[in-house]
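**Q** below is the sequence, then the predicted model.
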Amino acid sequence: MSSTNITLWDNQTIPRLGMGCWAIGGPFWADAVPVGWGVVDDNESKQAIDAALEAGIKFFDTADVYGAGHSERIIGEALKGKNDILIATKFGNQFDEATKQITGQAANRSYIRQAVQASLKRLNRETIDLYQLHIDDLASDAAQETQDALEELIKEGLIRAYGWSTDHPKHSKNWLGGPNYRSIQHDLNLFTPASETVALVEEHGMVSINRAPLAMGMLGGAYKINHAFGEDDVRSGDAPWLNKMGNVKSAEDAQQRLDGIRELITAGGRTIAQGALAWIWAQSPNTLPIPGFRTVAQVQDNVGALEFGPLGVETLQEVDNLVNGNSL
């Protein structure tokens, strides 16, 4: 198998890169706090999805809450009839489509049945390929009811597999042993290693789906620490990417460390984003990064990383020493 392919639970081999569809959902809110990526052009979003398809991408990841249903609707329109393309979505956040507001959380059996039917309708699908819990820290007792409900959806043919989007191995371990528990989605990027979760995934033959692979855009090379964002953009707060960079102390520290490894990760003609994705692929053969996008150009840059593959062992060690060390 190529280093830039991955074989999934159904023995289907796909390129080892998915498209993260949070940003194309547009604005939505938790009270007054923006949790979307600002206003989007739906036509551009669909053109970007087309560009990904033309490049051979087979995996698109979203959530029902992104844009309060809007991301799923755009994907449903763009991928209608393309049943060979895998769609992963998430549930657990309640929301109002009209006001674009998150209104709560739920993961009980009755709510899941409502949520999956709503997602299927928005996605124009009869079956969801991967259905993921979108509550980071669901308690053990509640998580068992959730897993039981998901196994029922498998038997009914409404979903093909399920996973958990969480950065807490103590929670994700609770589902181990479930016959259709196939993936853990978690933060993973140059500044945020996730060694325990990656090891867990490898041990159990699962897929590590990697959100924030470009650290909210910081590792995309498109902006620096003083970049200004709109009030409807989740990144408009104080250094929001720091939550996606576990080993840095400040935005300035992150920028300095990035500058220190820039030459290493762009060697051979890679862009910064391509180097950041190459680092993720070098962590484990089970990793599947899902960089976000809003434009055709961003998709093309990310997909271009497949031509280069993972970082080499020596380069990886040198990068990690610089990022995690005190020499910068």
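**A** Received the coordinates, thanks.

**Q** from residue 108, how far off is the closest residue to residue 24 other than its chain neighbours?
**A** Leaving aside its sequence neighbours, residue 24 sits nearest to residue 45 (Cβ to Cβ, 6 or more residues apart in numbering; 4.1 Å). Any C-beta I mention is one placed from the backbone N, CA and C, and that applies to glycine too. Using Cβ to Cβ, to the nearest Å, residue 45 is found at 32 Å from residue 108.

**Q** with neighbour numbers in mind, choose between these two.
**A** Set residue 45 next to residue 108 and count neighbours by other Cβ atoms under 10 Å: residue 45 wins out with 25 against 11.

**Q** can you tell me the SS state at the more buried one?
**A** Each residue gets one of three states, and residue 45 gets helix by DSSP: H, G, I helix; E, B strand; the rest coil.

**Q** contacting residues for it?
**A** 24, 74, 78, 294 (Cβ atoms under 8 Å, 6 or more residues apart in numbering).

**Q** low-confidence bits of the stretch 1-150 of the chain, can you list those?
**A** Scanning the stretch 1-150 of the chain with the threshold set as pLDDT under 70 gives 1-2.

**Q** what's the pLDDT at residue 217?
**A** Residue 217 carries a pLDDT score of 81 in this model.

**Q** burial check on it, number of neighbours?
**A** 22.

**Q** need phi/psi at it.
**A** The phi/psi pair for residue 217 (degrees, to the nearest 10) reads phi 100, psi -20.

**Q** if we can go back for a sec, farthest-separated two in the contacts of residue 45?
**A** Within these, 78 and 294 form the most distant pair, 13.7 Å apart (Cβ to Cβ).

**Q** leaving out sequence neighbours, find the closest residue to residue 144.
**A** Spatial nearest neighbour of residue 144, chain neighbours left out: residue 174 (7.3 Å); criterion: Cβ to Cβ, 6+ apart.

**Q** do you know how far the one you found is from residue 133?
**A** Distance, residue 174 to residue 133, using Cβ to Cβ: 11 Å.

**Q** just residue 46 next, same as before
**A** Taking Cβ to Cβ as the measure, residue 46 and residue 133 are separated by 28 Å.

**Q** so which of these two has more stuff around it?
**A** For residue 46 versus residue 133, the count of surrounding residues by other Cβ under 10 Å is larger for residue 133: 24 against 16.

**Q** quick revisit: contacting residues for the residue nearest to residue 144?
**A** Neighbouring residues of residue 174 by Cβ under 8 Å, 6+ apart: 140, 143, 144, 147.

**Q** take the residues you listed and keep only those in helices.
**A** Counted as lying in helices by DSSP state H, out of those, are 140, 143, 144, 147.

**Q** could you say which helix or strand holds residue 274?
**A** For residue 274, the host element (DSSP states H and E) is helix 272-283.

**Q** so for that helix, mean pLDDT?
**A** Helix 272-283 shows a mean pLDDT of 98.

**Q** what comes into contact with that helix?
**A** The contact list for helix 272-283 (Cβ under 8 Å, 6+ apart) reads 3-4, 16-17, 188-190, 193, 198, 210, 213-215, 219-221, 258, 262, 264-267, 270, 287, 289, 291, 301-302, 304-305, 308-313, 316, 319.

**Q** how about stretch 81-99, which residues are buried there?
**A** Residues of stretch 81-99 classed as buried by neighbour count (16 or more other Cβ atoms under 10 Å): 85, 86, 87, 88, 89, 90, 91, 92, 93, 94, 95.

**Q** now render the contacts of residue 174 as TSV, adding neighbour count and distance to residue 234.
**A** Below are the contacts of residue 174 laid out as TSV (neighbours: other Cβ atoms under 10 Å; distance: Cβ to Cβ, whole Å):
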residue	neighbour count	distance to residue 234
140	10	30
143	20	26
144	14	32
147	21	29
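
**Q** output stretch 84-103 as PDB, nothing but the C-alphas.
**A** Taking C-alpha atoms only, stretch 84-103 is exported to PDB below (Å, rounded to 0.1, in the frame of the first residue of the first chain):
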ATOM      1  CA  ASP A  84     -18.500   6.100  -4.000                       C
ATOM      2  CA  ILE A  85     -17.500   9.200  -2.000                       C
ATOM      3  CA  LEU A  86     -17.400   8.700   1.800                       C
ATOM      4  CA  ILE A  87     -19.100  11.200   4.000                       C
ATOM      5  CA  ALA A  88     -18.400  11.400   7.700                       C
ATOM      6  CA  THR A  89     -20.600  13.600   9.900                       C
ATOM      7  CA  LYS A  90     -21.100  14.200  13.600                       C
ATOM      8  CA  PHE A  91     -23.900  14.500  16.100                       C
ATOM      9  CA  GLY A  92     -24.400  15.600  19.700                       C
ATOM     10  CA  ASN A  93     -24.800  19.400  19.400                       C
ATOM     11  CA  GLN A  94     -28.400  20.700  19.300                       C
ATOM     12  CA  PHE A  95     -28.900  23.800  17.200                       C
ATOM     13  CA  ASP A  96     -31.500  26.100  15.600                       C
ATOM     14  CA  GLU A  97     -31.100  26.300  11.800                       C
ATOM     15  CA  ALA A  98     -33.000  29.600  11.600                       C
ATOM     16  CA  THR A  99     -31.000  31.500  14.300                       C
ATOM     17  CA  LYS A 100     -27.700  29.700  13.600                       C
ATOM     18  CA  GLN A 101     -27.400  29.100  17.400                       C
ATOM     19  CA  ILE A 102     -26.100  26.100  19.300                       C
ATOM     20  CA  THR A 103     -28.800  25.400  21.900                       C
END
